[in-house]
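Engineer: Just a sequence and a predicted model for now, questions to come.
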Amino acid sequence: MSIAVAAIQFKPQASVDANLHCAENFLQQAAEAGCQLAVLPENFAYYGQADLLQAGRAESDEQGPVRQFLAEQAVRHDMWLVAGTVPVAGPSPRPSARCFLLSPKGEVVDHYDKIHLFDVDVTVDGHNRSYRESDDYSAGKRVTAVRTDLAILGLTVCYDLRFAELYRKLADAEAQIITVPAAFTAATGKDHWQVLLRARAIENQCFVIGANLVDREHKRRGLWGGSCIIDPWGKVLASMEDEVGAVIAEIDLGKIEQLRAEMPVAEHRRL
């Protein structure tokens, strides 16, 4: 019941092609380590691009450039791939931030559209920073847990991490591994990122994989990094600070059943 998993972390580049080159290199690293599942960061290809609606239109079918890249990578490495997020246009005026789950055959098994959009104001070193994700994206509605031959995967994205009720629903759907592709800010990540990942793992007695973009020193849009893999006890199995690469760990799914038998939190719920 042990599987090798990876969280991919890198710094956003100036072009989509450069971002895909980074992703390709680190997926290769994960594959060489024997990983069966890899998680890419949120918006790993189009971060910083001006026209996300145009990108979303390009990615609205299987022939989209990033979607083709993802399928090729999954097949090449014989690996399950949680594909961060990709803008995908639909009936709404703004694209969805869509997380695709691809099988080792390169097939999209399911997807999750980010539900909680990051519309906040934060202060860092006396400077105000405003984020309005809803200006660029439409919010999703569907909670997504997927039964695969590897594990039951729960899909979430970045700001979702602050909403424990979503993770409870995924636990109720028997999720064993919950993935968190992210572009978590440096302003909030220092104090909140790993704390929230560990809390969600502990509360729901499951593995949590956080894969974040990184660029801590960016003057306007710092990204925290800190990608890590957490076990159901809240222990950090593997992590990375502000470097780039693949965070890799071996996880034993049997620990979930053991812990839930010893501490049946779900059975003790009263509210």
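Structural biologist: Yep, that arrived.
Engineer: Where does the prediction get shaky in the stretch 1-150 of the chain?
Structural biologist: The model of the stretch 1-150 of the chain has pLDDT under 70 over residues 124-125.
Engineer: now the strands for it?
Structural biologist: Ranges of strands within the stretch 1-150 of the chain are 2-9, 37-40, 80-83, 86-88, 96-102, 108-113, 119-124, 127-132, 144-147, based on DSSP state E, counting those that start in this stretch.
Engineer: Direction included, what does the first one pair against?
Structural biologist: Strand 2-9 has the following strand partners under DSSP bridges: strand 37-40 (parallel), strand 245-252 (antiparallel).
Engineer: Now do the lengthiest helix in the chain: distance to the chain's middle.
Structural biologist: Identified as the longest helix of the chain according to DSSP state H is helix 186-204. Distance, stretch centre to chain centre, for helix 186-204: 13 Å (CA atoms, centre = their mean, to the nearest Å).
Engineer: and that helix with strand 119-124, angle?
Structural biologist: Taking axes from the mean of the first three to the mean of the last three CA atoms, to 10 degrees, helix 186-204 and strand 119-124 form an angle of 120 degrees between their directions.
Engineer: Return the list of helices and strands in contact with helix 186-204.
Structural biologist: strand 119-124, helix 164-172, strand 177-182, strand 207-212, strand 223-224, strand 228-230, strand 236-239 (3 or more CB pairs under 8 Å, 6 or more residues apart in numbering; DSSP states H and E). Using the backbone N, CA and C atoms, a C-beta is placed for each residue, glycine as well.
Engineer: For Ser134, find the nearest of these.
Structural biologist: strand 119-124 (5.3 Å; CB to CB).
Engineer: Need the contact partners of that closest one.
Structural biologist: Here strand 119-124 makes contact (CB atoms under 8 Å, 6 or more residues apart in numbering) with Asn128, Arg129, Ser130, Tyr131, Arg132, Glu133, Ser134, Thr185, Ala186, Ala187, Thr188, Gly222.
Engineer: which of these has the most neighbours?
Structural biologist: In terms of neighbours by other CB atoms under 10 Å, those top out with Thr185 at 26 neighbours.
Engineer: Please consider this matter closed, and thank you.
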